[in-house]
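Visitor: Model the following, please.
(one chain, ligands or ions: 1)
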Amino acid sequence: MKINEIFKKKTVFSFEVFPPKQTSSIDTIYRTLDELRDLEPDFISVTFSAGGSGNGALACEIASKIKENGVTPMVHLPCINYTKAEIDSVLSEFKARDIKNILALRGDVNPNIEPKKEFLHASDLVTYIRSQGDFHIAGACYPECHPDAHSLEEDIRNLCIKVDAGVDHLISQLFFDNESFYEFRYRAASAGINVPIEAGIMPVVNKNQIERMVTTCGASLPRKFVRIMQKYEHNPEALRDAGIAYAVNQIVDLVASGVDGIHLYTMNNAYVARKISDAVSGIINA
Ligand code: FAD
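Guide: Next up, the predicted model:
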């Protein structure tokens, strides 16, 4: 079933995984995917390096494994460091593997890599993919504003260009304060954006990881979230359990507020995904 169709029927529940480091065996992610399959997500997305480091082939392999497992795959595709010819080759690979869902991204600008300048914004890639076949195209959005934009207003104006170029649904950057998501959703709707918006939820797995994510993505930290990190920072198991509870609370509130979907950044941790899925599946499928 196309992802668009699922949004019409229910609150979408999806997972995100990333390819293992080149030093790790691909079997580690395959084991994770087997466990995630049992949780019956609506789709699983696979990240793709913007650095041109060649993990695109790995992302395609992983997407094929997801499909083999009977789950719908989506592959992320960042464009800033790729030429049109390179994007053509990836799209051909997607067609050969019958991968129909793409998260079209610009990618972060890396000071050590000269951008190829053939696709400047994700919207350029969206327009291009639209001209190349019948894909479901997702785009990224930022409830607390993308760091390159001067204001949320400017960012939402740019988001309108991306959606108008042919985005079917949006997946948000992680956030820890649901109010920022609600405010963003309201402002996006007021600007005329009417595609489904999935909320990106990142459960706390460990303190270092969260701090790294927060400095790079700019998510604000509500006081109760900071209290949890401080209270349990020296007790990894308690921090993990509290993080799971925090994510579950966020999801319950989002679903009650009519969110279109929840996109769980699993960090390849099937245990955490299972705990969250077990806690919210009755609510999501109600
Ligand atoms: P864009 O939509 O191009 O926006 C980037 C900036 O440019 C924004 O400030 C926007 O306001 C501005 N802008 C957009 N269009 C225009 C325009 N027409 N004119 C002027 N300004 C404009 N990165 C990876 O490398 N690999 C991944 O797998 C990956 N997965 C991600 C998954 C999700 C759900 C999210 C939220 C992000 C992901 N990223 C990934 C990170 C993403 O690549 C970065 O956040 C990147 O900096 C922006 O990508 P974008 O597609 O949102 O860019």
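Visitor: Check the secondary structure at Ile62 for me.
Guide: Counting by DSSP: H, G, I helix; E, B strand; the rest coil, the backbone at Ile62 sits in helix.
Visitor: Is the spatially closest residue to it that is not a sequence neighbour bridged to anything, and to what?
Guide: Spatially, and ignoring its direct neighbours in sequence, Ile62 is nearest to Val46 (4.8 Å; CB to CB, 6 or more residues apart in numbering). Where you see a C-beta, it was placed from the backbone N, CA and C, and this is true even at glycine. For Val46, the beta-bridge partners under DSSP bridges are Val17, Val75.
Visitor: Next up, the contacts around Val46.
Guide: Applying CB atoms under 8 Å, 6 or more residues apart in numbering to Val46 gives the contacts Glu16, Val17, Phe18, Pro19, Ala59, Ile62, Ala63, Ile66, Pro73, Met74, Val75, His76.
Visitor: how about a cut-off of 6 Å?
Guide: Val17, Ala59, Ile62, Ala63, Val75 (CB atoms under 6 Å, 6 or more residues apart in numbering).
Visitor: thought the fourth one was touching Asn101?
Guide: What that stands for is Ala63. No: the criterion here is CB atoms under 6 Å, and Ala63 misses it with Asn101 at 8.8 Å.
Visitor: Show me what counts as buried in stretch 84-103.
Guide: The neighbour-count check on stretch 84-103 (16 or more other CB atoms under 10 Å) flags Ile87, Val90, Leu91, Glu93, Phe94, Ile99, Lys100, Asn101, Ile102, Leu103 as buried.
Visitor: did I read that right, the last one in a strand?
Guide: It refers to Leu103. Yes: assigned with three-state DSSP, Leu103 falls within a strand.
Visitor: can you tell me which of the buried residues of stretch 84-103 are in helices?
Guide: Among the buried residues of stretch 84-103, the members falling in helices (DSSP state H) are Ile87, Val90, Leu91, Glu93, Phe94.
Visitor: so which of the contacts of Val46 would you say is closest to Ser277?
Guide: Checking those against Ser277 with CB to CB, the nearest one is Val17 at 14.2 Å.
Visitor: number of nearby residues for that closest one?
Guide: Close neighbours of Val17, defined as other CB atoms under 10 Å, add up to 24.
Visitor: Relative to the ligand, how far out is it?
Guide: Distance, Val17 to the ligand, using CB to the nearest ligand atom, to the nearest Å: 10 Å.
Visitor: That residue against Asn268, yeah?
Guide: Yes: if you go by CB under 6 Å, Val17 and Asn268 touch, sitting 5.3 Å apart.
Visitor: Can you give me the neighbour number for the closest residue to Val126 other than its chain neighbours?
Guide: Leaving aside its chain neighbours, Val126 sits nearest to Ala165 (4.1 Å; criterion: CB to CB, 6+ apart). Using other CB under 10 Å, Ala165 has 20 other residues around it.
Visitor: From Ile80, how far out is Ala165?
Guide: To Ile80, Ala165 is 16 Å away according to CB to CB, to the nearest Å.
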